[in-house]
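just a sequence and a predicted model for now, questions to come.
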Amino acid sequence: MPFAGRLVVAWVINLIALWIANALWASVSIHGWAAYLIGSAVLGVANAIVKPLLTVLTLPLIIVTLGFFYLLINVAMLALAEWIAPNFSIDGFWTYVGTIVVIWAVNWIAGQIVGDLEGRKSLRLT
């Protein structure tokens, strides 16, 4: 799949994950398509660019805290999306953690599905 296609798929997957998190918790408040579109776009860009840089820079701290600091980096990426997107609000640390778990689970499941589809496509081509 070309890069632009992967970007669109990741954007849609993040949008679905945010929609599920909004449906699960009353402390997550996302109103309107603009909030979903901008929030998922910011989350995708932050996870693709900012998160790897922060992970490399704070690797010793991540190791010393046995990965807990990596959770805080994920919270920061979600907080950045919340800060930039309009009509997007998350209240409470544990709601952030729950939303991160939902985003991770949806991305993992979608990755398995997309990977299976790409695997089938490559089998047909060879």
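In hand now; what should we look at?

count of neighbours near S89?
The number of residues packed near S89 is 13, by other C-beta atoms under 10 Å. C-beta: built from backbone N, CA, C; applies to glycine.

the closest residue to A46 other than its chain neighbours and I113, how far apart?
Nearest residue to A46 in three dimensions, chain neighbours excluded: M77, at 4.4 Å (C-beta to C-beta, 6 or more residues apart in numbering). Remark: distance between M77 and I113 (C-beta to C-beta, to the nearest Å) = 23 Å.

now do the SS call for the residue nearest to A46.
Classification of M77 by DSSP: H, G, I helix; E, B strand; the rest coil places it in helix.

how much space between the closest residue to A41 other than its chain neighbours and P60?
Of all residues not flanking A41 in the chain, W11 sits nearest, at 6.0 Å (C-beta to C-beta, 6+ apart). Distance of W11 to P60, computed by C-beta to C-beta: 33 Å.

who's more crowded, the two?
In this view W11 and P60 are compared by other C-beta under 10 Å, and W11 has more residues nearby, 16 against 9.

ok, now which ones touch that one?
For W11, the contacting residues are 37, 40-41, 44, by C-beta atoms under 8 Å, 6 or more residues apart in numbering.

apply the buried test to those residues and list what passes.
Listed as buried from those are 40-41, 44; burial here means 16 or more other C-beta atoms under 10 Å.

a markdown table please, covering those residues and showing distance to I100, pLDDT and secondary structure.
What follows is the buried ones among the contacts of W11, written out as a markdown table (distance: C-beta to C-beta, whole Å; pLDDT from 0 to 100; DSSP: H, G, I helix; E, B strand; the rest coil):
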| residue | distance to I100 | pLDDT | secondary structure |
| --- | --- | --- | --- |
| S40 | 14 | 95 | helix |
| A41 | 18 | 94 | helix |
| G44 | 14 | 90 | helix |
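
okay, the residues you listed in TSV with distance to I103 next?
What follows is the buried ones among the contacts of W11, written out as TSV (distance: C-beta to C-beta, whole Å):
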residue	distance to I103
S40	10
A41	14
G44	11
